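> Take a look and give me a structure for this.
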Amino acid sequence: MIPPTVRRPSRSTTGARRWPPRRPADTDPTGRWPDALADFRSSRLHRAGRRALRTRSLAIVLAVAAGVLTHGQWLRGQQLRDDWGPRRIVLVAARDLSAGDPLDTSSIRTAELPMVAVPDRAVERVPPGRRAVRSLTVGEVLVENDVAPAASGPLAARLPAGHTGVAVVLADDAPAIGPGDVVDVVAAPEPVVDAAATGPGEATVVARSAVVLDIREDAVTLAVADGEATRVAQRALVGPVGLTVRRPVTGS
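So this is what the prediction gives:
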């Protein structure tokens, strides 16, 4: 008996399967990108990013503007520097000073000023231990006469040139005075030597235009001219003296 012939189905080329399978046109993943991009633009993350970008842009613009302004001010400063001419480094008061204050790094500083604004005999350096002879306002230029000699104490530093400090006891009827007042020193009449003389003697002015330096309960220290210091001291040993206050000279 002849076995039946088994016929195998033939493969058709038209129905062959491919891998990966072809996607329909309407299922292309790129077709959803516009919708995803729109969703991202409307999200909080995107809005925050735009705000950060605007903030950075504004900061950059402000920094550039500040740089331009600073450069312009520097150019104007250079122009003013050239217009004023040469400059010089001097010492000025760093704060308001009183006569007798120490001149050190806490009270004076250096400053570069135009030559036209620098007074004669301006000081460029001060040796250690020196004091101010007079009161100075902040920013005022120091000159040679403003610096007391070496080894001057607070009181001696306040003595004007050509003056000596003398302590006197004031009479009970002396006027109320304060440091810096300008006074004349009046001594009581000297004892009568001639028995034939009648009537009280006259008071004597023993010093004129003395400056009050210091006031204590028992004595007052005056700066008197060198030529009058001995006479004032002698009369002070005899007894109290009187004072008459002078009006300050305008512009002195």
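
> Name the helix or strand for residue 174, please.
Remark: residue 174 resides in no helix or strand, with elements defined by DSSP states H and E.

> start the count at 12, not 1, going forward
Yep, numbering from 12; the last one is residue 185 now.

> now it, nearest residue through space, not along the chain?
residue 254 (5.1 Å; C-beta to C-beta, 6 or more residues apart in numbering). C-beta coordinates here come from the backbone N, C-alpha and C atoms, glycine included.

> got the buried residues for the helix or strand that that neighbour is a member of?
Element membership for residue 254, per DSSP H and E: strand 253-256. Residues of strand 253-256 classed as buried: 253, 254 (neighbour count, 16 or more other C-beta atoms under 10 Å).

> Stretch 149-157: how far from the chain's middle?
16 Å (C-alpha atoms, centre = their mean, to the nearest Å).

> Backbone dihedrals for residue 178, both of them.
With angles defined as degrees, to the nearest 10, residue 178 sits at phi -90, psi 130.

> any idea which element residue 248 lies in?
Using DSSP H and E, residue 248 falls in helix 237-249.

> Restricting to C-alpha, output that helix in CSV.
Below are the C-alpha coordinates for helix 237-249, written out as CSV (Å, rounded to 0.1, in the frame of the first residue of the first chain):
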residue,chain,number,x,y,z
ASP,A,237,57.5,135.1,78.8
GLY,A,238,58.5,138.7,79.8
GLU,A,239,55.6,138.9,82.3
ALA,A,240,55.8,135.5,83.9
THR,A,241,58.2,136.3,86.7
ARG,A,242,56.3,139.4,87.7
VAL,A,243,53.0,137.5,87.8
ALA,A,244,54.6,134.7,89.9
GLN,A,245,56.0,137.2,92.4
ARG,A,246,52.6,139.0,92.9
ALA,A,247,50.9,135.6,93.2
LEU,A,248,53.2,134.8,96.1
VAL,A,249,52.0,138.0,97.9
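
> sorry, back to before: and the pLDDT at the residue nearest to residue 185?
According to the prediction, residue 254 has pLDDT 92.

> Isn't it up against residue 198?
No - using C-beta atoms under 8 Å, residue 254 and residue 198 do not qualify as a contacting pair, with a distance of 10.8 Å.

> partners of the strand holding residue 254, with directions?
strand 193-198 (antiparallel) (DSSP bridges).

> What residues does the residue positioned nearest the centre of the chain make contact with?
Centre of the chain computed as the mean C-alpha position; nearest residue by C-alpha atoms, centre = their mean is residue 105, 6.2 Å away. Applying C-beta atoms under 8 Å, 6 or more residues apart in numbering to residue 105 gives the contacts 117, 118, 119, 120, 149.

> Please name the residues that touch the residue nearest to it when sequence neighbours are not counted.
Nearest residue to residue 105 in three dimensions, chain neighbours excluded: residue 120, at 4.4 Å (C-beta to C-beta, 6+ apart). Contact analysis of residue 120 by C-beta under 8 Å, 6+ apart lists 102, 103, 105.

> Residue 109 versus the first one, what's the distance?
It stands for residue 102. Going from residue 102 to residue 109 by C-beta to C-beta, to the nearest Å gives 17 Å.
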